[in-house]
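Trainee: can you look at this prediction? I've put the sequence above it.
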2 protein chains.
Amino acid sequence: MRMLDAVLDRIDRDLEPSLERLFALLRIPSISTDPAYAPQCRTAAQHVAADLAGIGFRTEIRPTGGHPAVIAHCEEGEGPRVLFYGHYDVQPVDPVELWAAPPFEPRLSSLPDGRKAVVARGACDDKGQVMTFIEACRAFKAVTGKLPLPITLLIEGEEECGSKHLFEFVRANANELRRDLALVCDTGMWDPKTPAVTTSLRGLLYEEVKVRGADRDLHSGLFGGGAQNPIRVLVQILAALRDDQGRITLPGFYDEVKELPADIKAELAALDLTPARFLGQVGLSAPAGEKDRMLIEQISTRPTCDINGIIGGYTGEGSKTVIPAQASAKVSFRLVSGQDPDKIRATFRTFVRERLPADCSAEFIEHTGTPAIQLDFANPALAKTRAALAQEWGRKAVTIGSGASIPIVGEFKRVLGMDTLLVGFGLEDDRIHSPNEKYDLTSFHKGTRSWARILAALSG
Amino acid sequence: MRMLDAVLDRIDRDLEPSLERLFALLRIPSISTDPAYAPQCRTAAQHVAADLAGIGFRTEIRPTGGHPAVIAHCEEGEGPRVLFYGHYDVQPVDPVELWAAPPFEPRLSSLPDGRKAVVARGACDDKGQVMTFIEACRAFKAVTGKLPLPITLLIEGEEECGSKHLFEFVRANANELRRDLALVCDTGMWDPKTPAVTTSLRGLLYEEVKVRGADRDLHSGLFGGGAQNPIRVLVQILAALRDDQGRITLPGFYDEVKELPADIKAELAALDLTPARFLGQVGLSAPAGEKDRMLIEQISTRPTCDINGIIGGYTGEGSKTVIPAQASAKVSFRLVSGQDPDKIRATFRTFVRERLPADCSAEFIEHTGTPAIQLDFANPALAKTRAALAQEWGRKAVTIGSGASIPIVGEFKRVLGMDTLLVGFGLEDDRIHSPNEKYDLTSFHKGTRSWARILAALSG
């Protein structure tokens, strides 16, 4: 343990330069969903690769069908070989006018309660979290000259657009990426003082549907009442997706959804997640999901349906008396263990088509389809990680389910046969995907220390 | 009748110079919605005023809050005093690349079926139609030395941007504009051979509603299932506006809607407006309104509800797993005689508010609220006009309802207590508001002759 103490001490002393390294990465506007930012995505990949090479990793920037991926290997030390996965790409920044400062000019701010935080797009998701792991590796190398166990990193650039080329990449490079365990730092703490290991992730089915009517936009005075209105048709179909008890109405949607074991459900209940605590932070007060479920179930262990975007007709200022030729929506389903995204996609499309009136047609775009993930509670790495986290944070590390998907984790299981340990230091108020995204300085600092402890524990 | 025959003969012989006078007006690009064309709007007003002064009208160009209006008086002859209303402004021309020739260089073209037509922006709407009336006045003056009845003209310059300053102008000049009957030439024939008098215009209530949920955009993985989604709330409310029989569900919406008299309904049925003829032109085939109504009722004599625009969440390319903070829609109702726009606005807002779940609020923007217009079928001017049109066109003139509003007609009724006779010679294929707008030479020529007959009939 004297070695680990020295590593932790190094991390403490190195905090300022390590923050500057995080800022350098945050300054790169690597927005993956917007093709205009492709050069910046490449710059971010090069930046990460150069940093890892500087620590002593064998590093390559590999092409994919989209933005490139960074692979880095360092086969030193004892213990299981681990694959660390993260992403260098970030979400778009709109509405940019709601940012207090430019989203790609990171800075350390003080929160009203005295906490310090790094504010920038990607501060938490996922650049800040990735850097906690890289900084832990850097400290090991600096203090001991080597890593405590063989590490491979895979840092991709398309997580925010569904990792759409990564699956093929993982399949094509399966032997190189198949390790004993995957580590992912893209999740959160239970609260600012309580570390957590995420043992389940919801899956995601994301569809876009466009409804078409007349072959041109029509004047609502001349045609109103006689012509189908694709906006109306679309909203009527979307409204039918949910009943008044908050249940999704797609036929068979819940068929494979299992009830939680009684003890797990009791643990969830004991966390006592109140609407005031969870929803209050964003100006809400009442759970909006299935009426017979706890809020914590609604957001983590139950499937959902959300409309993520809708557009049709005239949306500028003032009024226009138009019946548009088309309208479209982006619709997503969060899935839980047992639900098959392909089956639900087919059910959704049938649901829409069956409700189309005469003169309307529907066209679909497939964005994402990944099943949920469930980690075996008996995995020994889980116990070691919980112990390491408890030592760093001074309290028991809880196991939780995450409401969000990390599609690649499913792929690691299916294609590489590899379990994933999800540990992260994000907080509920980090505003990921929103203006003024931040990452607490404590998350960054103690997160780095946590990874040092976890790597030491796994190597033992 | 020898006098009228002489006037009609004069119109025939004067066709070529009268066309040249129409062309001269069409060459002025009086686009009212674009402030860059304000000087050209003034030029058009001056042109019309000078033309009317040349015929013998006392003419003035009057300022309004926007583009000026032309007022012309000539108090000669017997019979009721009439106010003719038209507009000298035109729609923008974009997309200009779809015009076969420059939109402000009018020319006479041959259509594929042999019809000849004037092609230019404003050829029909409303310069061509206005000139049919002015040319009829000119012929009377040339042949008889005076008009057959006292005529006032009001030619405004903001119809294409909602006549926004005209209401105030009418109120301010009520005594001068209050005549026994208003004549408006901004409507169409039933078909190229069948003249029509439009006896009703639907009103319009146009509202914008914005639903708000959380105080920021949320990640659908973290909050999905627990947080209200304003898009979902909005589509559920909008979907509830209509039942599966195509009826609007707002409480009391149909309370003041009267059934058509049996003979009028029979006349409408006899017009035999088929879906193939009316909807087929825009790629549709099935009437989409109230299931127990004829298509012609759905589009002209029954009230409607249309969603004219909707927007919320992520609408760019690709996917974003967002639960947006807000979503909004533009919703309009076409109203029929008896329906009170203010009452229906209040009902609509209550309908929305009553369906808002906890954590959601709604905000409304009022765009338009004008009641429908219905001409009394017993008005003697209607019978005289129908007879005059039948003589000119050689077949019965039908009475029809227009699905669209002409807001000033309502103002004439409300403020001046004056009924309006809507007679026009536009055709379905005139492409008003679109590239290559045209006006059939027959519409122009026989339209002018029709007005001569109508003025003679009204004076009798």
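Mentor: Good, I have the coordinates.
Trainee: give me the neighbour count for the residue of the stretch 151-300 of chain A found nearest chain B.
Mentor: In the stretch 151-300 of chain A, no residue comes nearer to chain B than residue A:221, which is 2.5 Å away by CB to the nearest CB. (Glycine included, C-beta is placed from N, CA and C.) Residue crowding around residue A:221 was assessed by other CB atoms under 10 Å in any protein chain shown; the count is 23.
Trainee: and the residue of the stretch 301-450 of chain A that's closest to chain B?
Mentor: residue A:404 (2.3 Å).
Trainee: that residue touches residue A:198, doesn't it?
Mentor: No. Using CB atoms under 8 Å, residue A:404 makes no contact with residue A:198, being 9.4 Å away.
Trainee: who has more neighbours, those two?
Mentor: Just comparing residue A:404 and residue A:198: by other CB under 10 Å the higher neighbour count belongs to residue A:198, 26 against 23.
Trainee: give me the beta-bridge partners of that one?
Mentor: residue A:400, residue A:422 (DSSP bridges).
Trainee: pretty sure it contacts residue A:402?
Mentor: Yes. Counting by CB under 8 Å, residue A:198 sits close enough to residue A:402 to count as a contact (4.6 Å).
Trainee: quick one: common contacting residues for the two?
Mentor: Counting by CB atoms under 8 Å, 6 or more residues apart in numbering or on different chains, the common neighbours of residue A:198 and residue A:402 are A:187, A:188, A:422.
Trainee: which element follows the least confident helix or strand in chain A by mean pLDDT toward the C-terminus?
Mentor: Per-element confidence for chain A was summarised using mean pLDDT, DSSP states H and E. The lowest value among helices and strands belongs to helix A:262-270, with a mean of 83. Following the chain from helix A:262-270 toward its C-terminal end, the next helix or strand by DSSP states H and E is helix A:275-278.
Trainee: quick one: the shared contacts of residue A:198 and residue A:402 as TSV, columns for pLDDT and neighbour count too.
Mentor: Formatted as TSV, the shared contacts of residue A:198 and residue A:402 follow (pLDDT from 0 to 100; neighbours: other CB atoms under 10 Å in any protein chain shown):
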residue	pLDDT	neighbour count
A:187	91	19
A:188	93	24
A:422	96	26
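Trainee: what residues are up against residue A:163?
Mentor: Taking CB under 8 Å, 6+ apart as the contact definition, residue A:163 lies against A:87, A:156, A:407, A:408.
Trainee: just to revisit the earlier point, just the element for the residue of the stretch 301-450 of chain A closest to chain B, please.
Mentor: Under DSSP H and E, no helix or strand contains residue A:404.
Trainee: quick one: the strands in the stretch 301-450 of chain A, in order.
Mentor: Secondary structure of the stretch 301-450 of chain A (DSSP state E, counting those that start in this stretch): strands located at A:304-313, A:322-323, A:326-335, A:361-370, A:373-374, A:398-402, A:420-423, A:438-440.
Trainee: check the stretch 151-300 of chain A too.
Mentor: Going by DSSP E, counting those that start in this stretch, the stretch 151-300 of chain A shows strands at A:151-156, A:181-184, A:196-201, A:203-212, A:218-219.
Trainee: what packs against the third one?
Mentor: Translated: strand A:196-201. Under the contact criterion of 3 or more CB pairs under 8 Å, 6 or more residues apart in numbering or on different chains; DSSP states H and E, the helices and strands touching strand A:196-201 comprise strand A:373-374, helix A:380-393, strand A:398-402, strand A:420-423.
Trainee: likewise the longest one?
Mentor: Helices and strands in packing contact with strand A:203-212 are listed as helix A:230-239, strand A:326-335, helix A:341-354, strand A:361-370, helix A:407-416; criterion 3+ CB pairs under 8 Å, 6+ apart.
Trainee: quick one, phi psi at residue A:74?
Mentor: Here the main-chain torsion angles of residue A:74 (degrees, to the nearest 10) amount to phi -150, psi 100.
Trainee: not counting sequence-adjacent ones, nearest residue to it?
Mentor: Nearest in space to residue A:74, with sequence neighbours left out and distances taken as CB to CB, 6 or more residues apart in numbering or on different chains, is residue A:57 at 4.7 Å.
Trainee: go ahead and confirm residue A:396 touches residue A:390.
Mentor: Yes. Residue A:396 sits in contact with residue A:390 when judged by CB under 8 Å, with a separation of 5.7 Å.
Trainee: where does pLDDT dip in chain A?
Mentor: Across chain A, residues meeting the criterion (pLDDT under 70) sit at A:1.
Trainee: and the residue in the stretch 1-150 of chain A that chain B sits nearest to, helix, strand or coil?
Mentor: Of all residues in the stretch 1-150 of chain A, residue A:33 sits closest to chain B, with a separation of 4.7 Å (CB to the nearest CB). Taken by DSSP: H, G, I helix; E, B strand; the rest coil, the conformation at residue A:33 corresponds to coil.
Trainee: residues in contact with it?
Mentor: Applying CB under 8 Å, 6+ apart as the definition, the contact partners of residue A:33 turn out to be A:91, A:92, A:160, A:161, B:316, B:317, B:318, B:319, B:320.
Trainee: redo that, cut-off 7 Å
Mentor: With CB atoms under 7 Å, 6 or more residues apart in numbering or on different chains as the criterion, the residues that contact residue A:33 are A:92, A:160, A:161, B:318.
Trainee: tally of neighbours for the first one?
Mentor: Going back to what we said before, that points to residue A:92. Taking other CB under 10 Å as the neighbour definition, residue A:92 ends up with a count of 21.
Trainee: could you check how far it is from residue B:408?
Mentor: According to CB to CB, to the nearest Å, residue A:92 and residue B:408 sit 46 Å apart.
Trainee: equivalent analysis for the third one, please.
Mentor: With distances defined as CB to CB, the gap from residue A:161 to residue B:408 amounts to 52 Å.
Trainee: swap in the second one?
Mentor: Taking CB to CB as the measure, residue A:160 and residue B:408 are separated by 53 Å.
Trainee: can I get stretch A:141-158 in CSV, CA atoms only?
Mentor: Extracted as CSV, the C-alpha positions of stretch A:141-158 are listed here (Å, rounded to 0.1, in the frame of the first residue of the first chain):
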residue,chain,number,x,y,z
LYS,A,141,3.8,5.6,-14.5
ALA,A,142,5.3,8.6,-12.9
VAL,A,143,5.6,7.0,-9.4
THR,A,144,6.2,3.3,-10.1
GLY,A,145,7.4,3.4,-13.7
LYS,A,146,4.7,1.1,-14.8
LEU,A,147,1.0,0.4,-14.7
PRO,A,148,-0.3,-2.0,-12.1
LEU,A,149,-2.0,-4.2,-14.7
PRO,A,150,-2.2,-4.5,-18.5
ILE,A,151,-4.4,-1.8,-19.9
THR,A,152,-5.9,-1.1,-23.3
LEU,A,153,-7.8,2.1,-24.0
LEU,A,154,-10.5,2.5,-26.6
ILE,A,155,-11.5,6.2,-26.9
GLU,A,156,-14.1,6.6,-29.6
GLY,A,157,-15.6,9.7,-31.3
GLU,A,158,-19.2,8.8,-32.1
